[in-house]
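Q: Below: sequence and its predicted model.
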Amino acid sequence: MLGRTANGLNWMFRYIERAENSARLIDAGLRMSLTRSEATEDDWDGVLQSSGVRDIYDDLYENLTTADAIDFLLRDKSNPSSVMSCIDSGRNNARMVRTALTRETWEATNECWLDLKTMLARRVKPADLPEAIDAIKRKTALIRGAFHGTMLRNEIFNFSRIGTFIERADNTARILDVKYYVLLPAVSQVGSSIDNVQWESILRSVSAHRSYGWVYEAEYKPSNIADFLILNGRMPRSLAYCYEKIVSNLGYLAREYGETHAAHATAEETLSSLRSHSIKDVMDQGLHEYIENFISHNNRLGQEISDGYRFN
Amino acid sequence: MMNADNSPRQPYTTYNDWYASQDKARLIAKSKEAENIFRKTGITFAVYGHADSAEKLIPFDLIPRIISGREWRKLAQGIEQRVIALNAFLDDIYHKQEIIKAGRVPRELIERNVAFLPQMIGFRPPGGVYTHIVGTDIVRTGEDQFYVLEDNARTPSGVSYMLENRETMMQMFPELFHQNRVRPVENYPYLLRHSLASLAPPGCEGKPRVAVLTPGIYNSAYYEHAFLADMMGVELVEGSDLRVIDGKVKMRTTRGYEAIDVLYRRVDDDYLDPLTFKPESALGIPGIMDVYRAGNITIANAPGTGICDDKAIYSYMPEIVEFYTGRKALLENVPTWRCSEADSLKYVLENLADLVVKEVHGSGGYGMLVGPTASKKERVMFAEKLKARPSNYIAQPTLSLSTVPILVNKGIAPRHVDLRPYVLVSDKVQIIPGGLTRVALKAGSLVVNSSQGGGTKDTWVLED
């Protein structure tokens, strides 16, 4: 397969993953602003930082307001991580690699783009926001469903999955990177309502506020939340889960091609660290340092995959 | 579709009975359904120069255009003769130039032509084939009366619409294909792949590897490039994927560089090789022309074939066909005045209101004047352009084109059409029974180009 095609698949799925993530972040931010009466500037600041676009926002807007932040995250073309920008880029990549996709996968992607383009043609009214966010999740879920239901499990599948999980790991790590301080035992006042809202918001940003309750018996504890998002191999957005998937997909490629690259060692090293550490180890080492280190390794892995498989 | 007495013409009789039994509201609904299929599938094209319209749909009319087997056979013979003559002409002008020496075509028309590539002089492509894929634009004026409107020997597009239109019709109206014996077009991608592979270069080792070269997703015909690559089961490559290594053109794959033997290119000559043609082109593959001339890759269609698309050359086609086949051309040309000739220019200027004037290198229906429908002001302005650069134009009479019915809100209405059958050339000439029927959707209009609001139809050739 062409290196450019592998690259296109990688980015198609990264962008679709990112679109979903942006929608989830808006959802979480919206929830915070509904739960608290005082000014919510800090909350949106956190959301914009998690999305990595605070600087771009400041270039465009004087003040940070709920309405502007939502619009910026949802449909602003000058924000490369806005839902609409991501769907645009994802679909452009899909067009480029169209010969590698099943008809079902392509059509789900194209329909997602057509529908969201109509839905996000103008500012979404606050009353319509929940429906808009739901629609984004639904449309991207359809792409995933068509992909899983119809694609051959070959190199095309592997490159797509690798893109999905590198992006997802990055997204989860960024959320932790911005909010790590509310998870530190020293500063958190256990049981205070402010912390509860913050914690729930983190869980909501990764759609895990319900599952958390099942796994940790509804006990909000910062170390448990960190454990869930970082080390829990059953939580589909945790760093450990993402790396299980990356390593297994890279493994399939290695078997098919009969060769390994630097990326294989990097991914396995990260996975074994995620497997062997306890959350106490992570906290002792310093949560913030751990996350920053993870993000930079994850970026390096992306580059090594691109080099090894001649994306460019 | 109809005879003078208002009865349906013979090939339409079965269809007409079916149509009469249909609920018209249902047909209109089907029409919308077809549009949705096209939109969902992404069968779109781009119109350059339109700000907001990055991707447009070509309107699809669901009443098929039907051609009898007998009429088709006659037409196909004429096309085959013409395509053979085009290849012989290209081989001649890039070698001995006998047609020039014989005084049948003026030398300056060839050698001063921008589409004439001196780099091709003395080189014979694999199998001696220059135009592997040809689209011959035809108009019908009456029973067995066909005229060639233009030859597309460079990179004829639109074949994906031929295939998708048929697919859509078969999905929506399967019963029609039980009632009528329509000759299949679906095997086109298969025939194309085999036709291309059979012309692999001498340097090809093992099974020929074919690839489609596209300028990328922003090209107006990108959908078609991806579609054809997909249907043929070959890679869709861009210039940036290709590199000349060890005298071969190779594509960058996830496992390293792999050789390509036959390149079906959908980029213009100018953008093929920055070392030979446009140095600033980012689309091309530096050095591919050297590989080509060394016999290590087949380029389809060959560089330099665009000269056959020139409308001034077109006006010589009757002579060209006769010169190389030794027989009178079976298909007629539309009478053409070359404005470069003083007498013709005078005639054209005096009769602008009755003529269609086209640029010799024009395509897509741009830069032309349709005299009968143009305003007086438009004609006056066009006359100035004509006088300033006469050799840039040719003129033709407006033919009384036959019409076919299209579905409109009130039922059916007649519209003008043309027809582009697709021809594959290897050691044999294969003409796909059918083609792309383009239809002018505006009542009375003669302009069928999709860039100018034309639509398309499924085209049926019946088995007799």
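A: Okay, I see it.
Q: Need the three-state assignment for residue 138.
A: You didn't say which chain, so I picked chain A. helix (DSSP: H, G, I helix; E, B strand; the rest coil).
Q: The chain in question should be chain B.
A: At B:I138 the chain is in strand, as set by three-state DSSP.
Q: what do you get for A:S248?
A: Using three-state DSSP, the structure places A:S248 in helix.
Q: what about it, neighbour count?
A: Close neighbours of A:S248, defined as other CB atoms under 10 Å in any protein chain shown, add up to 15. Just so you know, the C-beta spots here come from the backbone N, C-alpha and C atoms, and that holds for glycine as well.
Q: Tell me the confidence at it?
A: Note for A:S248: predicted pLDDT of 98.
Q: How about the contacts made by the residue in the stretch 351-464 of chain B positioned nearest to chain A?
A: Scanning the stretch 351-464 of chain B for the residue nearest chain A gives B:S450, at 19.3 Å (criterion: CB to the nearest CB). Listed by CB atoms under 8 Å, 6 or more residues apart in numbering or on different chains, the contact partners of B:S450 are B:F45, B:I58, B:R438, B:T456.
Q: residue contacts, the third one?
A: Contacts of B:R438 were listed using CB under 8 Å, 6+ apart, and they are B:G158, B:V417, B:D418, B:L419, B:R420, B:V448, B:N449, B:S450, B:G454, B:G455, B:T456.
Q: So which bits of chain B are right by chain A?
A: B:39-42, B:216-217, B:222, B:226, B:229-230, B:235-238, B:240-241, B:251-256 (CB under 8 Å from any CB of the partner chain).
Q: Relative to A:D281, how far out is the residue of the stretch 1-150 of chain B found nearest chain A?
A: Nearest residue of the stretch 1-150 of chain B to chain A, counting by CB to the nearest CB: B:G42, 4.9 Å away. Using CB to CB, to the nearest Å, B:G42 is found at 50 Å from A:D281.
Q: When the two are compared, which one has more neighbours?
A: The neighbour count for B:G42 versus A:D281, taken as other CB under 10 Å, is higher for B:G42 (23 against 12).
Q: my read: that one touches A:W106, true?
A: Yes: using CB atoms under 8 Å, B:G42 makes contact with A:W106 at a distance of 7.1 Å.
Q: Show me where the stretch 51-200 of chain A has its helices.
A: Counting by DSSP state H, counting those that start in this stretch, residue ranges of the helices within the stretch 51-200 of chain A are A:54-60, A:66-75, A:83-96, A:103-119, A:129-150, A:155-179, A:193-205.
Q: Quick check: mean pLDDT of the shortest one?
A: I take that to be helix A:54-60. Here helix A:54-60 scores 93 as its mean pLDDT.
Q: CA atoms only: put that helix into CSV for me.
A: Extracted in CSV, the C-alpha atoms of helix A:54-60 (Å, rounded to 0.1, in the frame of the first residue of the first chain):
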residue,chain,number,x,y,z
ARG,A,54,-6.4,28.6,24.0
ASP,A,55,-3.8,30.7,22.1
ILE,A,56,-5.9,30.7,18.9
TYR,A,57,-9.0,31.6,20.8
ASP,A,58,-7.2,34.6,22.4
ASP,A,59,-6.1,35.8,18.9
LEU,A,60,-9.7,35.9,17.8
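Q: Please tell me how far the residue found closest to the residue of the stretch 1-150 of chain B closest to chain A once you drop the neighbours it is linked to in the chain sits from A:N10.
A: Leaving aside its chain neighbours, B:G42 sits nearest to A:N110 (4.9 Å; criterion: CB to CB, 6 or more residues apart in numbering or on different chains). A:N110 sits at a distance of 19 Å from A:N10 (criterion: CB to CB).
Q: Between those two, which is the more surrounded one?
A: Ranked by neighbour count (other CB under 10 Å), A:N110 and A:N10 place A:N10 first, with 25 against 20.
Q: residue contacts, the residue nearest to A:R310 when sequence neighbours are not counted?
A: Spatially, and ignoring its direct neighbours in sequence, A:R310 is nearest to A:G3 (3.6 Å; CB to CB, 6+ apart). Neighbour list for A:G3: A:Y309, A:R310, A:F311, A:N312, B:D241, B:R252, B:T253, B:T254 [criterion: CB under 8 Å, 6+ apart].
Q: Could you check the pLDDT of A:G3?
A: At A:G3, pLDDT is 97.
Q: distance of it from B:L75?
A: Distance of A:G3 to B:L75, given as CB to CB: 45 Å.
Q: what's the answer for B:H225, then?
A: 28 Å.
Q: okay, the two: which has more neighbours?
A: Ranked by neighbour count (other CB under 10 Å), B:H225 and B:L75 place B:H225 first, with 27 against 24.
Q: Need the CA coordinates for the helix or strand of chain A with the lowest mean pLDDT. PDB is fine.
A: Scoring the helices and strands of chain A by mean pLDDT, DSSP states H and E places helix A:193-205 at the bottom, with a mean of 80. Below are the C-alpha coordinates for helix A:193-205, written out as PDB (Å, rounded to 0.1, in the frame of the first residue of the first chain):
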ATOM      1  CA  SER A 193     -18.500  20.100  46.300                       C
ATOM      2  CA  ILE A 194     -16.100  22.100  44.100                       C
ATOM      3  CA  ASP A 195     -13.900  19.000  43.800                       C
ATOM      4  CA  ASN A 196     -16.800  16.800  43.100                       C
ATOM      5  CA  VAL A 197     -17.800  19.000  40.200                       C
ATOM      6  CA  GLN A 198     -14.200  19.100  38.900                       C
ATOM      7  CA  TRP A 199     -13.800  15.300  39.100                       C
ATOM      8  CA  GLU A 200     -17.100  14.600  37.500                       C
ATOM      9  CA  SER A 201     -16.100  17.000  34.700                       C
ATOM     10  CA  ILE A 202     -12.900  15.100  34.100                       C
ATOM     11  CA  LEU A 203     -14.800  11.800  33.900                       C
ATOM     12  CA  ARG A 204     -17.500  13.300  31.700                       C
ATOM     13  CA  SER A 205     -14.800  14.600  29.200                       C
END
